[in-house]
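[1] Attaching a predicted model along with its sequence, questions to come.
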Number of protein chains: 2
Amino acid sequence: MVVALRLPSLTSLFSSPSVSRQSPAILRRRHHILPPLRAAGFSAQSAASSPPETEGRVDKQKNKVSQERVNQDRVITPRSQDFNAWYLDVIANAELADYGPVRGTMVIRPYGYAIWEAIQEYLNVKFKETGHSNMYFPQFIPYSFIEKEASHVEGFSPELALVTIGGGKELEEKLVVRPTSETIVNHMFTQWIHSYRDLPLMINQWANVTRWEMRTKPFVRTLEFLWQEGHTAHATPEEAEKEAMQMIDIYTKFAYEQAAIPVIPGRKSKVETFAGASKTYTIEAMMGDRKALQAGTSHNLGQNFSRAFGTQFTDENGQRQHVWQTSWAISTRFVGGIIMTHGDDSGLMLPPKVAPIQLVIIPIWKKAEEKTGVISAALSVKEVLQKSGIKVKLDDLEQRTPGWKFNFWEMKGVPLRIEIGPRDVSSGSVVISRRDVPGKQGKVFGISMEPSTLEAYVKDKLDEIQSALLGKAISFRDSNIVDVSSYDELKEAINLGKWARGPWSASDADELRVKEETGATIRCFPFDQPQGIKTCLMTGNPAEEVAIFAKSY
Amino acid sequence: MVVALRLPSLTSLFSSPSVSRQSPAILRRRHHILPPLRAAGFSAQSAASSPPETEGRVDKQKNKVSQERVNQDRVITPRSQDFNAWYLDVIANAELADYGPVRGTMVIRPYGYAIWEAIQEYLNVKFKETGHSNMYFPQFIPYSFIEKEASHVEGFSPELALVTIGGGKELEEKLVVRPTSETIVNHMFTQWIHSYRDLPLMINQWANVTRWEMRTKPFVRTLEFLWQEGHTAHATPEEAEKEAMQMIDIYTKFAYEQAAIPVIPGRKSKVETFAGASKTYTIEAMMGDRKALQAGTSHNLGQNFSRAFGTQFTDENGQRQHVWQTSWAISTRFVGGIIMTHGDDSGLMLPPKVAPIQLVIIPIWKKAEEKTGVISAALSVKEVLQKSGIKVKLDDLEQRTPGWKFNFWEMKGVPLRIEIGPRDVSSGSVVISRRDVPGKQGKVFGISMEPSTLEAYVKDKLDEIQSALLGKAISFRDSNIVDVSSYDELKEAINLGKWARGPWSASDADELRVKEETGATIRCFPFDQPQGIKTCLMTGNPAEEVAIFAKSY
């Protein structure tokens, strides 16, 4: 796989993290509309439809497309060679996303969106089970609202998109396109909350948000992204704290059990706390390049917004009090986290629980007389599995060889593959291969087509893959976290690309110095703390907690 | 119910349609931020939580709230007296929506949002069943895109919201906050579609859109609203036409079967066709005031956008062709349609299939020793019904009388109510009342609590209510459509507030004249056409079709 021969792809149009620090032209040209992507392999493929044509923009009738060329279309930069190029290649080839016409915006394509839908479906149920109701707030926020909470405006004002013209006229007050909704939520909460009986007030919205980011990367950081944002108001600080913790627990459970990402939950340092929050809890995930991804946050907002917006209630003693609040969010960034946690040189690798397609069936035949039997067996296997709730795709297109299809669906990260050939039809069995175990080791012959046997086998395998992906990610994570007790050890660990964990009670200035000198930040003070006496790695003073330092997205 | 005694409510802050024609101050003050609503009865109620406090902003401990006052909070203007005031009162009292801080924007509250979720759940499945995939396009569209399709820019440019500042800097090109996505969709389709094998391309997105409307009304017309927009590209005009028709059929079925709204599907006149479409199909619903509501549209876009954006494919003969397209949408406006179709003087009336709560249980006891038995029976009834998939709410708050709760949940439009008192507990039965049949007629005593009996009875009743609401709406609709054969008859029908149906083959100018002189527009040429020879009501010339004229929202 020679990268130099590859057609122009996302890689060449998007900056790698190292390149982006040098401010390449493409990043300096802000507000500029990118030309249409000329990458090959971008087709009209939808999640549920057939494999895309690989001719790309080449007119089949007018050009002879060599097999070599077709193969090149699917080439993915090896992950070990250039992680960022690999990431962008996977996104392009697996058709997860594409660029929007406005710099830094992203079109989420059906296959990528289906992963987001899996995230939504799980979390939406959990939110409702824990007493939250969905609702919707307008995305236009009067500029004056943003200014009301001092640290909030400081955090967000550099990255706002402003509507200044509406209906052909200059607006009297500029409108902020929401970067987050705490301000407008508090404006409304102030009108809805009167007495302690109105509390707790617990809501959530699924929405788009806009942050005018300079360095963008599909899924991980885009000008506009999709998320859910929960907002709650409580009568006591204890309840707010409990809620903030409950939500980071839900995120943690989701990450482990659905996305197979062994995040480390913990508390952010003061420096890294959300603009306007008293405390920020986070789940930090280790990507395949060992950089950290902040994958979800839950904020205890204290009374910061309720004081700024006068959100008060009358307590049981008739006293007016400001409410205690939380907010919490997970975004489409999480899709990036899934790609970067599990993917390999062959492309995407999806945990079964978030995979839009959990199993692909590839019928194989050579002679025309074999076809009917093979296809009919494939259809009945499909029906059996679909009925039992498995997300199945039958790839019966005749333009492609089985080998091409194997590669294609591996690249798309489908956890299981069933092959059915004429011999399998006669023996009433199928061949099943695992995406996460390459080659012969992952291939099992002679699994009976008998519905209950097959169904049980497939479900079992999907569970096994789900666990295996998590297990692998845990091993990877744990072998890349180094316990450090001095700044030198910390620097060495970061230099090796690892995460450093060590006792910390030093100042904000020290924390910023670490960032400047090593590029690493405190990702969190993990909830899971080692026992024993701790001495700050920087100052030698007593420390109450260990912190985790890492470079991050 | 004396309206004059009522506390300030939505009614007084929002213009009625008749008032709005006189351009009241509130509508003239564009871009102005409305002061927080001071309406009473706005509480922190969520769809799944307990009934709201009715003290409103009055501090219970400091003010004596008379029962009279509490009752006033819930007063709804009689529908017959002032339909618009009634509509706004229902929205406020049932806590469906509230105003956002920016003029014309709306906060969709949990109870209103839950109706939208019911709409989403149904349609999302139908869209997927018919081969569409969800995805997401950025909401910022370069201004130049909007200008590419001539009639599109003409239709939309007066109502655009424009982002001119991003990240603190003036943008080189203004960005349009999407009013609809045909332009950006075509920009992307042009990159994804190469050959006939990439077609059909069928996608949908659930998104927010912005149109800088001057006259707004909650749900019906707001600056920002939520919708789904489907976009498809096909190889032939026939396929595009079939798709446009398929989607208006899905909308029609949804309206009839889920929302119990007997819409009339048909084709828009040229004058009323979507800006950029070749043909627009619509479903037109008759509201309780007999005004028409355009409740959903499906457009055959022909090649208008594909020519403007160069969206071409290579056909099977190697020829380059422009694709044929459709787009189709239903929005949160539909929630307004449900309110205005079924509601009555007591408030909201929800068809069971879109009701967030299908059945409310009110336990009734007087003596303390009765409480345990009643509550335990209520809980077991709740569990039985919930298990069988019915959306149940148990209102066991002690601060309110059963009578108050009856009114409250009637106002919220819950289709069925179960009362359980001590006598019911001893006889092992419950009392069930229908929201749509007032008083004793709707009340049945002695329904057994035995799970299978109760479950079957409730399901049956819910089906009955669903049908009854549709039947009632059909009768109402049909008794308010007048067949006309002359312009005078048309004027008379419109004057009486009815819909006029008559043969039409006159000019666009004649159509505009009717609008000017009567306020009525052609809602559609219904698919369902009477047999026989037709003579245009305006010109006396032969006509191929009847059109329906009506005043509309």
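    Structure received. Every value quoted in this text rests on a predicted model; they were computed, and no experiment measured them.
[2] Can you tell me the closest non-neighbouring residue to A:G112?
    A:L96 (3.4 Å; CB to CB, 6 or more residues apart in numbering or on different chains). Yep, even glycine has a C-beta here, placed from its N, CA and C like the rest.
[3] Could you pick out the longest helix of chain A?
    Across chain A, the longest stretch assigned as helix under DSSP state H is helix A:451-478.
[4] What about the residue nearest to A:G112, how many residues nearby?
    A:L96 has 27 neighbours, counted by other CB atoms under 10 Å in any protein chain shown.
[5] Then the one 4 residues further on?
    A count of neighbours around A:G100, defined by other CB under 10 Å, yields 26.
[6] try A:E213
    If you count neighbours by other CB under 10 Å, A:E213 ends up with 18.
[7] secondary structure element for it?
    Under the assignment given by DSSP states H and E, A:E213 is not contained in any helix or strand.
[8] Next, the contact list for it, please.
    Contact partners of A:E213, counting by CB atoms under 8 Å, 6 or more residues apart in numbering or on different chains, are A:G104, A:E159, A:R221, A:T222, A:L223.
[9] Could you find the closest non-adjacent residue to the fourth one?
    Right, A:T222. A:M106 (4.6 Å).
[10] Would you confirm that the one you found contacts B:P138?
    Yes - the criterion here is CB atoms under 8 Å, and A:M106 meets it with B:P138 at 6.8 Å.
[11] which residues do these two both contact?
    Shared contacts of A:M106 and B:P138, counting by CB under 8 Å, 6+ apart, come down to A:G100, A:E224.
[12] Mean confidence (pLDDT) on stretch A:345-357, please.
    Mean pLDDT, stretch A:345-357: 98.
[13] Do any residues in it lie close to chain B?
    No - Stretch A:345-357 lies apart from chain B when judged by CB under 8 Å from any CB of the partner chain; the minimum separation is 9.4 Å.
[14] is it true that A:S278 touches A:N300?
    Yes - in this structure, A:S278 is within contact of A:N300 by CB under 8 Å, at 5.1 Å.
[15] Which one of these two is surrounded by more residues?
    Using other CB under 10 Å as the criterion, A:S278 and A:N300 rank with A:N300 on top: 25 against 20.
[16] And the pLDDT at the residue in the stretch 301-450 of chain A that chain B sits nearest to?
    For the stretch 301-450 of chain A, the residue closest to chain B is A:G318, as judged by CB to the nearest CB, at 3.5 Å. Predicted confidence (pLDDT) for A:G318: 97.
[17] again, but for A:E154
    Reading off the model, A:E154 has pLDDT 85.
[18] Am I right that it falls within a strand?
    No - under the criterion used here (DSSP: H, G, I helix; E, B strand; the rest coil), A:E154 is helix, not part of a strand.
[19] what's the spacing between the closest residue to it other than its chain neighbours and chain B?
    Excluding its sequence neighbours, the residue lying closest to A:E154 (CB to CB, 6+ apart) is A:A275, at 6.4 Å. A:A275 is 16 Å from chain B, where distance means CB to the nearest CB, to the nearest Å.
[20] Can you verify A:A275 is assigned to a helix?
    No - per three-state DSSP, A:A275 lies outside any helix segment and is coil.
[21] and the residue most central in space within chain A, helix, strand or coil?
    Closest to where the C-alpha atoms of chain A average out (CA atoms, centre = their mean) is A:F334, at 1.4 Å. State at A:F334, reduced to three classes by three-state DSSP: helix.
[22] A:I283 is in contact with that one, correct?
    No - applying CB under 8 Å as the test, A:F334 and A:I283 come out as separate, 9.7 Å apart.
[23] Please identify every residue contacting each of these two.
    Shared contacts of A:F334 and A:I283 (CB under 8 Å, 6+ apart): A:A295, A:G296.
[24] on that earlier part again, would you give the sheet partners of the helix or strand that comes right after the longest helix of chain A, along with the direction of each?
    The helix or strand immediately downstream of helix A:451-478 is strand A:481-483, counting by DSSP H and E. In the sheet, strand A:481-483 lines up against strand A:499-503 (parallel) (DSSP bridges).
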